[in-house]
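sequence and computational prediction follow.
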Amino acid sequence: MESFDYIVIGAGSAGCVLANRLSQNPAHRVLVIEAGGGDRDLRVKVPAGILAMYGRPRFDYGYAGTPQPELNNRRIPVNRGRMLGGSSSMNSMLYIRGAAEDYDEWRDLGCAGWGWDDVLPVFKDLERNQNGQDPALHGNTGELIVSRPTDPNPVCQDFIAAGEALGLPRNNDFNGPSQLGLGVYDVTQRNGLRFSAYNAFLEPVRHRQNLTVWTGAELRRLILSDGRVAGIEITRDGQTQQVACEGEVVLSAGAIGTPMALMASGIGPASALREAAIEVAHDLPGVGQNLRDHVDGMITVRSDSARTLGFSLPNLRRLLPSPFLFAANRKGELSTNYVVAGGFARTPLASDLPDVQFHFVPGYRSHRGRLVEWGHGFAVHTCVLRPKSVGEIRIARAGDGFAPQIDHRFFSAGDDAQVLVEGIKLARRIFAAAPMAGLKGREILPGPEVQSDDEILAYLRAEALTVYHPVGTARMGRDALAVTDPASMKVHGIANLRVADASVMPTLIGGNTNAPSMMIGEKCARAMLAA
């Protein structure tokens, strides 16, 4: 049986950082296992390839949630990256850290060491900012390249100007002093190509003799002995094998994968484990609880303007040379990550912080869910930034293994529905402002007949989705439902098992979760190396 000092489960945003840091010492034998495959595919590297990855098993776990009572009993798709880099290899590449107040809330909830003053230096250490932004808030010597889109569609400027017409400021740095306003998003790209956590942290050190990376290796269970993890059992190349651990195991499998790994190993709520016919090794009631995610509604608009992205005869002059333009200088239609611009706003229901985030798409988003629609248009996604609805992950038998039961319980807190209704109304006002009038848009969804709050809410119940930011299912804390210790990130009651991914977040930050997950990986590595 092979043996390692450290075993990292999952080569996603946090796991890649961990593997880099733990393997810096050549005396540490480090194993990283990733259930998915490699990232060597043009659909991963080229920004526009994002549309061709969702729902494909090669790249995406393609989960579906449980029927949601407040969303007409629909099963919501839950896309998660299944390859080296995890979801950082199939996301929209936006670099957002969240507001300072988000982290101060964590601190005030009992997670000492996680306030803004604690995490900002970690963010800066990871970042290599190429945008000339404020060095007090940004780093320029880290591994993670933060840049700008190479060829943003000009309609994005119309969207930003429309916000200005309504009093929303132009914001050139959503990781600056304030999130409020609209602008072009910073992205994790290098020379116009996707720059995932794998590209930043793991790929450059794959040559280390003490670092082993196995793809296509799926965790079956943690092997527990006397309150410790003695090793892991995996399936690889069609065979089941066991690997011993001399030191520590770190779960970095994400807000879905991590609680599933714990429960499959007998760590979790005793009653739920017995219901799934799993022997209880350690009763830990909070595992799988506290699921939070950003619920999202979309406005999609048709336009005859070929200034927007789209498939049409007038646009052939841009579509046909796009592969050559991208190969030559990273310009053209293939350079877009689609969600190029957006920002943060306060609805009438907000207090001090923005309560909605916009992801603007300068192209037509199909009202029928198709990958490609003929013609032009534009769209905006609006999400509830700090939702009050809380769900859970449950475990269920599936063949000879297990499957997650993902229950978001969207809109179970009525405040979330009200905020999203107000967010849709605000997004409509932006689209109606003069700077966008030249596009002569015709709203398809929700449609001009949907006007009252009740009608908008009915539309959202029928169409709302998620922007894929699940967190919180192995949250930090010291209360009865906490799973991990805030200082060590160890699982309560298991001596050598830690968690480092978005599942440890006590609450959902106001923004995209990729960068915070990397910060969490770095914080965990520092705790381990200081022990």
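Ah, there it is.

quick one, what contacts residue 353?
With contact set as Cβ atoms under 8 Å, 6 or more residues apart in numbering, residue 353 has these partners: 99, 101, 179, 346, 385, 386, 510. Backbone N, C-alpha and C define where each C-beta goes, glycine included.

farthest-separated two in those residues?
Across the contacts of residue 353, the longest distance by Cβ to Cβ is 13.5 Å; it joins 101 and 346.

what ranges does this protein have for its helices?
Applying DSSP state H to the chain gives helices spanning 13-22, 42-45, 100-108, 116-126, 155-165, 197, 254-264, 270-275, 316-319, 322-329, 414-432, 453-463, 514-530.

give me the helices and strands touching the first one, please.
By that I understand helix 13-22. Contacts defined by 3 or more Cβ pairs under 8 Å, 6 or more residues apart in numbering; DSSP states H and E place helix 13-22 against strand 3-9, strand 30-34, helix 197, helix 514-530.

what's the average pLDDT for it?
For helix 13-22, mean pLDDT is 98.

could I get the CA-only coordinates of it as PDB?
What follows is helix 13-22, C-alpha atoms only, in PDB (Å, rounded to 0.1, in the frame of the first residue of the first chain):
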ATOM      1  CA  SER A  13      -9.500  26.300  -6.300                       C
ATOM      2  CA  ALA A  14      -8.300  25.600  -2.700                       C
ATOM      3  CA  GLY A  15      -6.700  22.200  -3.300                       C
ATOM      4  CA  CYS A  16      -4.300  23.500  -5.900                       C
ATOM      5  CA  VAL A  17      -3.000  26.200  -3.500                       C
ATOM      6  CA  LEU A  18      -2.700  23.600  -0.700                       C
ATOM      7  CA  ALA A  19      -0.800  21.100  -2.800                       C
ATOM      8  CA  ASN A  20       1.700  23.800  -3.800                       C
ATOM      9  CA  ARG A  21       2.400  25.000  -0.300                       C
ATOM     10  CA  LEU A  22       2.500  21.500   1.300                       C
END
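
quick one, it and strand 3-9 angle?
Inter-element angle recorded for helix 13-22 and strand 3-9: 150 degrees (by axes from the mean of the first three to the mean of the last three Cα atoms, to 10 degrees).

how far away is the residue lying closest to residue 230 once chain neighbours are set aside from residue 40?
Sequence neighbours aside, residue 223 is the residue nearest to residue 230 in space, at 4.9 Å (criterion: Cβ to Cβ, 6 or more residues apart in numbering). Residue 223 is 32 Å from residue 40, where distance means Cβ to Cβ, to the nearest Å.

same thing with residue 269?
In this view, residue 269 and residue 40 are 40 Å apart by Cβ to Cβ.

more neighbours: which of the two?
Neighbours per residue, other Cβ atoms under 10 Å: of residue 269 and residue 40, the larger number sits with residue 269, 21 against 9.

picking up where we left off before, figure out which of the helices of the chain is closest to residue 402.
Using Cβ to Cβ, the helices of the chain put helix 254-264 closest to residue 402, at 5.3 Å.

determine the set of other helices and strands touching that closest one.
So helix 254-264, by 3+ Cβ pairs under 8 Å, 6+ apart, packs with strand 3-9, strand 217-225, strand 239-251, strand 392-398, strand 401-407.

hey, where'd the strands end up in the stretch 51-200 of the chain?
Per DSSP state E, counting those that start in this stretch, the stretch 51-200 of the chain carries strands over the ranges 63-64, 77-78, 127-129, 144-146, 181-184, 189-190, 193-194.

centre of the chain to the third one, how far?
Think strand 127-129. Counting by Cα atoms, centre = their mean, to the nearest Å, strand 127-129 is centred 19 Å from the centre of its parent chain.

which other residues reach it?
Strand 127-129 is contacted by residues 138, 139, 140, 141, 142, 143, 144, 145, 146 when judged by Cβ under 8 Å, 6+ apart.

what subset of those residues is buried?
138, 139, 142, 143, 144, 145, 146 (16 or more other Cβ atoms under 10 Å).

so which of the residues you listed is the closest to residue 203?
Checking the buried ones among the contacts of strand 127-129 one by one against residue 203 (Cβ to Cβ), the nearest turns out to be residue 143, at 10.1 Å.

and the gap between the residue nearest to the closest one when sequence neighbours are not counted and residue 242?
The shortest distance from residue 143 to any non-neighbouring residue, by Cβ to Cβ, 6+ apart, is to residue 200 (4.5 Å). Distance of residue 200 to residue 242, computed by Cβ to Cβ: 31 Å.

over to residue 39?
Taken as Cβ to Cβ, the span from residue 39 to residue 242 is 28 Å.

the more surrounded of those two?
residue 39 (24 against 14).

next, give phi and psi for the more buried one.
When read as degrees, to the nearest 10, the backbone of residue 39 gives phi -110, psi 10.

correct me if wrong: it contacts residue 84.
Yes - under the criterion of Cβ atoms under 8 Å, residue 39 makes contact with residue 84 at 4.8 Å.

number of residues surrounding the residue nearest to residue 46 when sequence neighbours are not counted?
Among residues not flanking residue 46 along the chain, residue 334 sits closest, at 5.4 Å (Cβ to Cβ, 6+ apart). Look at residue 334: counted by other Cβ under 10 Å, it has 20 neighbours.

hang on, the earlier thing: could I get the contacts of strand 127-129 as CSV with distance to residue 453 and pLDDT?
As requested, these are exported to CSV (distance: Cβ to Cβ, whole Å; pLDDT from 0 to 100):
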residue, distance to residue 453, pLDDT
138, 40, 98
139, 44, 98
140, 46, 97
141, 49, 97
142, 45, 98
143, 47, 98
144, 42, 98
145, 43, 98
146, 39, 98
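
most widely separated two among these?
Farthest-apart pair in these is 138 and 143; separation 14.1 Å (Cβ to Cβ).

which stretches of the chain have low pLDDT?
Across the chain, the ranges flagged by pLDDT under 70 are 366-372.

if we can go back for a sec, from the contacts of residue 353, which is closest to residue 278?
Checking these against residue 278 with Cβ to Cβ, the nearest one is residue 386 at 33.7 Å.

once you drop chain neighbours, what's closest to that closest one?
residue 510 (5.6 Å).

quick one, what contacts residue 186?
When contacts are counted by Cβ under 8 Å, 6+ apart, residue 186 touches 94, 95, 96, 131, 146, 147, 148, 173, 174, 175.

counting neighbours, which of these end up buried?
Among those, those classed as buried by 16+ other Cβ under 10 Å are 94, 95, 96, 131, 146, 147, 173, 174, 175.

and which of the residues you listed is nearest residue 426?
Set against residue 426, the nearest of the buried ones among the contacts of residue 186 by Cβ to Cβ is residue 174 (17.4 Å).

these two touch, right, the closest one and residue 185?
Yes - the pair residue 174 and residue 185 passes the contact test of Cβ under 8 Å, sitting 6.9 Å apart.

okay, and the common contacts of these two?
With Cβ under 8 Å, 6+ apart, residue 174 and residue 185 have common neighbours residue 96.

which non-adjacent residue is nearest residue 459?
Nearest non-adjacent residue to residue 459 (Cβ to Cβ, 6+ apart): residue 446, at 4.1 Å.

what residues are up against the residue nearest to residue 46?
By Cβ under 8 Å, 6+ apart, the neighbours of residue 334 are 46, 47, 48, 49, 322, 323, 325, 326.

for residue 59, see how far away the last one is.
In this structure, residue 326 lies at 20 Å from residue 59, with Cβ to Cβ as the measure.

so the two - more neighbours on which side?
It is residue 59, of residue 326 and residue 59, that has more neighbours when counted by other Cβ under 10 Å, with 26 against 21.

quick check: the more buried one touching residue 81?
Yes - with contact defined as Cβ under 8 Å, residue 59 reaches residue 81; the gap is 6.7 Å.

cool, thanks, talk later.
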